[in-house]
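Asks: Structure of the sequence below:
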Amino acid sequence: MERLPDYVLVADAQVDLNSLVQRVGDPGAGAIATFLGVTRDNFNGKPVVRLEYEGYVPMAEKVMHAICVEIRNRWAVLSVAMEHRLGTCPVGEASVGIAISSPHRREALEAVAFAIDAIKANVPVWKKEFYADGSYHKGPDGSCIECAGAHAWKVNAEWQGGDGVISKKEVKKARQEDDLSVNQNEI
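Replies: Numbering: from 1, shown residues only. So this is what the prediction gives:
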């Protein structure tokens with residue numbers, strides 16, 4: 001059976017779960033598991049109006065590919081497709097989507113759970129939460145300051161330079177490849 005290539009995208013575009021499901025469709029699949037992360041309307045009792053995401057796309061996509069490699073090392077999956085949205089994400093809209101096909105449900109379900117945890121812990125994408133009172137998230141304690149044009153990006157609680165789930169070798173390799181591409185582009 002021909003293996004479908006893994007698909008990852010980090011872009012300022014809406015996440016389309018149906019498109020991800022179509023990408024991983026396979027006649028040998030007995031399961032397609034999905035995850036769709038959406039902007040909720042509250043955080044710690046404060047009404048949320050939108051999120052904004054910023055990320056370093058080349059590195060983010062390389063780390064997401066490393067996550068795909070780790071998924072394939074751990075589970076018998078047929079295809080993996082993941083997207084992370086950048087820019088503004090209003091309440092009710094998706095910021096991240098994952099679809100994984102496998103011959104049996106357990107592998108697909110476990111791989112999807114792993115994928116979202118690994119994305120949140122390892123991919124260099126940051127979010128800024130904007131609240132109805134005009135304030136936005138400032139720090140890990142949830143404190144806010146009034147919006148005055150300054151950036152205060154909310155780091156995922158899981159992200160402290162990686163979680164050890166993705167091979168440090170894979171992340172280091174992606175960073176080195178990225179450093180090489182930056183240096184070559186500077187020449």
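Asks: make it CA atoms for all contacts and neighbour counts henceforth
Replies: Fine.
Asks: could you point out which element follows the host helix or strand of residue 60?
Replies: For residue 60, the element it lies in under DSSP states H and E is helix 57-74. Reading on from helix 57-74 to the C-terminus, the next helix or strand found by DSSP H and E is strand 79-85.
Asks: Can you give the contact residues for that next one?
Replies: The contact list for strand 79-85 (C-alpha atoms under 8 Å, 6 or more residues apart in numbering) reads 3-15, 20-21, 23-26, 53, 64, 68, 94-102.
Asks: Restricted to helices, list those residues.
Replies: With DSSP state H as the criterion, helices contain 20-21, 23-24, 64, 68 from among these.
Asks: Low-confidence ranges, this structure, go.
Replies: For the chain, the stretches with pLDDT under 70 are 1-3, 138-187.
Asks: And the strands in it?
Replies: Ranges of strands within the chain are 7-11, 31-38, 42-43, 46-55, 79-85, 87-90, 94-102, 125-131, 135-137, 144-146, based on DSSP state E.
Asks: Need the ones you listed in JSON lines (columns: distance to residue 116 and mean neighbour count).
Replies: Below are the strands of the chain laid out as JSON lines (distance: least, C-alpha to C-alpha, whole Å; neighbours: other C-alpha atoms under 10 Å):
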{"stretch": "strand 7-11", "distance to residue 116": "13", "mean neighbour count": "20"}
{"stretch": "strand 31-38", "distance to residue 116": "8", "mean neighbour count": "19"}
{"stretch": "strand 42-43", "distance to residue 116": "19", "mean neighbour count": "14"}
{"stretch": "strand 46-55", "distance to residue 116": "16", "mean neighbour count": "19"}
{"stretch": "strand 79-85", "distance to residue 116": "9", "mean neighbour count": "26"}
{"stretch": "strand 87-90", "distance to residue 116": "18", "mean neighbour count": "19"}
{"stretch": "strand 94-102", "distance to residue 116": "8", "mean neighbour count": "27"}
{"stretch": "strand 125-131", "distance to residue 116": "13", "mean neighbour count": "22"}
{"stretch": "strand 135-137", "distance to residue 116": "22", "mean neighbour count": "23"}
{"stretch": "strand 144-146", "distance to residue 116": "27", "mean neighbour count": "14"}
